[in-house]
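K.L.:
just a sequence and a predicted model for now, questions to come.
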2 protein chains.
Amino acid sequence: MTAKKPLDRPDWWMDLPDAVDSRHYLGVRDSIAAHIHNGNLAEGACLPSERQLQTGTGAARGTIRAALFQLEAEGLIYRKERSGWYVSPPPIVYDPTRWEGFMSYVAAQGRTPKTELLDARTIAATAELAVVFGVDMGAPLYEIRRRRYIDDRAVLVETIHVDPRLTPSLLEHDLSQSLTQVLRSHYSIAVVRNRIEMAPCALTQDEAVALRLKSGLPGLLVKRISYDAQGRVVEYDLEYWRHDALKISVDIRVGN
Amino acid sequence: MTAKKPLDRPDWWMDLPDAVDSRHYLGVRDSIAAHIHNGNLAEGACLPSERQLQTGTGAARGTIRAALFQLEAEGLIYRKERSGWYVSPPPIVYDPTRWEGFMSYVAAQGRTPKTELLDARTIAATAELAVVFGVDMGAPLYEIRRRRYIDDRAVLVETIHVDPRLTPSLLEHDLSQSLTQVLRSHYSIAVVRNRIEMAPCALTQDEAVALRLKSGLPGLLVKRISYDAQGRVVEYDLEYWRHDALKISVDIRVGN
DNA sequence: AAGTGGTCTAGACCACGCC
DNA sequence: GCGTGGTCTAGACCACTTT
């Protein structure tokens, strides 16, 4: 009689520190959070379905969902569209002052980075790009779109623009590896200055689809412009991150 | 007959670029967003009430709210508990590598900073604090709680810890001003190094109340440890920001 | 085909801000 | 005391993922 009970919550579900009112969404939230913290729900694990979570609580599905949204905003869980809710892995720590690329700093934290090339082509500079690169509108630029993973979970999509005058035939190289690497080894270009901006944003259609997220979910936009020793723009990168995948850490000496 | 129509939306409401399906929450979202961008809803303005937004659309209140939550996550609007929804002011730009305090960088961006002292006292070091300051557990530390405003909107609450051995009688000074300033002018302490961490978080009861927000809303946690020339911890600061009030910008030269 | 989340409706009552 | 948002119920149907 230990047969599967597909429509019930798992057996351990009631092992809570109890004392939470699971008719209220914050109570439901606390109860799920407790299961995450005590290890019943491990990192990456799939939560019981929303309808399963209802059973026994007398709560409406809307109440359960309110709790799940809450946990999502806190970064504890995330969802795969129409598949389920999962426990979030810990965020990667990003230090904008250290200039190593994604591949190195993810690996340095014991995680597994992966890059997937989505698209690489030559485009005509838009007004905005023309300003950034100091070229005429319509001038040719390389545009590279990539998706990057940590431990096989897609965490960001990026669009990189590069000036072909600095890096002729760039697109012929392997772009699913560290671009920093390619620039250094094939073009002897070293980045000496970075301008970085980060702000919360909403993921639009394109990014959301690429990350397999629901369009409109909050994300983090990281904009980076890299310059070489001559002050030329080497790389203009727009990264759209899942909001729960990144944590910023900076260690700086104050000039003075 | 231009009397107030308290249960209707404002007259300009229908001047949309239309073509949005306002029975769906993303349509409602787009329509409100359009009003914000075209200036019908100015910065700081109060939106029509949820029930007013329903009128004429045939949408349920839940649908309207879904749209409002969406805009909130994107940082376009915020709410005051049980008072209403408001258009967010632009975020302040924070550059962790420049070491001026809150008062200076807010003012430098043409906004009006304000600091309010909530509490200042001597406490016994907890285990965590003892590690940070390299003192014994139970050793005395100053604890300062402040709330800070931009243009009269509360944007963060912070808890600062300071070692009294470095700054004896600190609590007797005016703590509603720049602490950086006080440390420099009264104790000749200069910060030469900062360690900063930032991560999304949920605002707990205390912080939420202090910011007049709903408990559990997403926020941004900024943790800062400042060191003097001798490597001593000068200040340990935990700041809880409204998630929409801050944007990060860094400009760095790469050492090498 | 079954199960999941995604969305929506149409009510209801409550706690609190504001006047 | 009125209006606001805050919460909740109890359905329903859809679009997609998964098996």
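P.N.:
Arrived safely.
K.L.:
strands along chain A, start to end?
P.N.:
A:77-80, A:84-87, A:92-94, A:113-124, A:140-150, A:153-162, A:193-202, A:218-227, A:233-242, A:246-253 (DSSP state E).
K.L.:
do the last one and chain B meet at all?
P.N.:
Yes: against chain B, strand A:246-253 shows contacts by Cβ under 8 Å from any Cβ of the partner chain at A:247-253. (Each C-beta comes from the backbone N, C-alpha and C, glycine too.)
K.L.:
how far away is the residue in the stretch 151-256 of chain A that DNA strand D sits nearest to from A:Ser88?
P.N.:
When scored by Cβ to the nearest atom of the strand, the stretch 151-256 of chain A has A:Arg212 as its residue closest to DNA strand D, at 7.4 Å. Per Cβ to Cβ, to the nearest Å, A:Arg212 is found 15 Å from A:Ser88.
K.L.:
higher neighbour count, those two?
P.N.:
Neighbour totals were compared for A:Arg212 and A:Ser88, and A:Ser88 leads with 20 against 14 (other Cβ atoms under 10 Å in any protein chain shown).
K.L.:
isn't that one right up against A:Glu74?
P.N.:
No: between A:Ser88 and A:Glu74 there is no contact under Cβ atoms under 8 Å: 9.2 Å.
K.L.:
can you get me a residue count around the closest residue to DNA strand C within the stretch 151-256 of chain A?
P.N.:
Per Cβ to the nearest atom of the strand, A:Lys214 is where the stretch 151-256 of chain A lies closest to DNA strand C, at 4.8 Å. A:Lys214 is flanked by 13 other residues according to other Cβ under 10 Å.
K.L.:
who's in contact with it?
P.N.:
A:79, A:81, A:208 (Cβ atoms under 8 Å, 6 or more residues apart in numbering or on different chains).
K.L.:
and DNA strand C, which of these contact it?
P.N.:
Among those, proximity to DNA strand C is found for A:79, A:81 (Cβ under 7 Å from any atom of the strand).
K.L.:
around DNA strand D, pick out the residues from chain A.
P.N.:
Counting by Cβ under 7 Å from any atom of the strand, the residues of chain A near DNA strand D are A:23-27, A:58-63, A:66, A:80-83.
K.L.:
and stretch A:46-54, which residues are buried?
P.N.:
By neighbour count, with 16 or more other Cβ atoms under 10 Å in any protein chain shown as the criterion, the buried positions of stretch A:46-54 are A:47-48, A:52-54.
K.L.:
take these and keep only those in helices.
P.N.:
Counting by DSSP state H, the part of these found in helices is A:52-54.
K.L.:
show me which of the residues you listed is closest to B:Met103.
P.N.:
For these, the minimum distance to B:Met103 (Cβ to Cβ) is 46.8 Å, reached by A:Leu53.
K.L.:
how about A:Ile248, what does it touch?
P.N.:
Contact analysis of A:Ile248 by Cβ under 8 Å, 6+ apart lists A:93-96, A:198, B:196-199, B:248.
K.L.:
in a markdown table: the residues you listed, plus pLDDT.
P.N.:
Formatted as a markdown table, the contacts of A:Ile248 follow (pLDDT from 0 to 100):
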| residue | pLDDT |
| --- | --- |
| A:Val93 | 93 |
| A:Tyr94 | 90 |
| A:Asp95 | 87 |
| A:Pro96 | 81 |
| A:Met198 | 87 |
| B:Ile196 | 91 |
| B:Glu197 | 90 |
| B:Met198 | 88 |
| B:Ala199 | 84 |
| B:Ile248 | 88 |
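K.L.:
ok, of the residues you listed, which come out buried?
P.N.:
Buried members of the contacts of A:Ile248, scored by 16+ other Cβ under 10 Å, are A:94-96, A:198, B:196-199, B:248.
K.L.:
how near is the nearest residue to A:Val135 once chain neighbours are set aside to DNA strand D?
P.N.:
Nearest residue to A:Val135 in three dimensions, chain neighbours excluded: A:Ala125, at 5.6 Å (Cβ to Cβ, 6 or more residues apart in numbering or on different chains). According to Cβ to the nearest atom of the strand, to the nearest Å, A:Ala125 stands 34 Å off from DNA strand D.
K.L.:
then A:Ala139?
P.N.:
Taking Cβ to the nearest atom of the strand, one finds A:Ala139 at 38 Å from DNA strand D.
K.L.:
from A:Ala42, how far off is that residue?
P.N.:
51 Å.
K.L.:
who has more neighbours, those two?
P.N.:
It is A:Ala139, of A:Ala139 and A:Ala42, that has more neighbours when counted by other Cβ under 10 Å, with 16 against 9.
K.L.:
the more buried one is in contact with A:Val131, isn't it?
P.N.:
No: the pair A:Ala139 / A:Val131 is not scored as a contact, 11.7 Å apart, by Cβ under 8 Å.
K.L.:
which bits of chain A sit near chain B?
P.N.:
Counting by Cβ under 8 Å from any Cβ, chain A sits next to chain B at A:26, A:29, A:62, A:69-70, A:73-75, A:91, A:96-97, A:99, A:190-202, A:215-218, A:243-244, A:247-254, A:256.
K.L.:
of those residues, buried ones?
P.N.:
Here, 16+ other Cβ under 10 Å leaves A:26, A:29, A:69-70, A:73-75, A:91, A:96-97, A:99, A:191-202, A:216-218, A:243-244, A:247-250, A:252 buried among the residues of chain A next to chain B.
K.L.:
before we move on, the earlier item: so which of the ones in helices among the buried residues of stretch A:46-54 comes closest to B:Leu118?
P.N.:
Nearest to B:Leu118 among those, counting by Cβ to Cβ, is A:Leu53 at 38.3 Å.
K.L.:
pLDDT wise, what is the residue lying closest to A:Ile225 once chain neighbours are set aside at?
P.N.:
In this structure, A:Ile225 finds its nearest non-sequential neighbour in A:Arg195, 4.6 Å apart by Cβ to Cβ, 6+ apart. Looking at A:Arg195, its pLDDT is 91.
K.L.:
residues in contact with A:Arg195?
P.N.:
Contacts for A:Arg195 (Cβ under 8 Å, 6+ apart) come out as A:224-225, A:227, B:249-251.
K.L.:
follow-up on the earlier one: can you tell which of the strands of chain A is closest to B:Pro113?
P.N.:
strand A:193-202 (20.0 Å).
K.L.:
tell me who's in contact with the residue nearest to A:Tyr227 when sequence neighbours are not counted.
P.N.:
Closest residue to A:Tyr227 apart from its sequence neighbours, by Cβ to Cβ, 6+ apart: A:Arg193 at 4.2 Å. A:Arg193 sits next to A:226-227, A:231, B:251-254 when contact means Cβ under 8 Å, 6+ apart.
K.L.:
across the sheet, point out what pairs with A:Arg193.
P.N.:
Per DSSP bridges, the residues bridged to A:Arg193 are A:Tyr227, B:Arg253.
K.L.:
that one and A:Gly231, how far apart?
P.N.:
Counting by Cβ to Cβ - A:Arg193 and A:Gly231 are separated by 8 Å.
K.L.:
let me see the contact set for A:Ile144.
P.N.:
Applying Cβ under 8 Å, 6+ apart, the residues near A:Ile144 are A:117, A:119-120, A:159-162, A:171, A:175, A:179.
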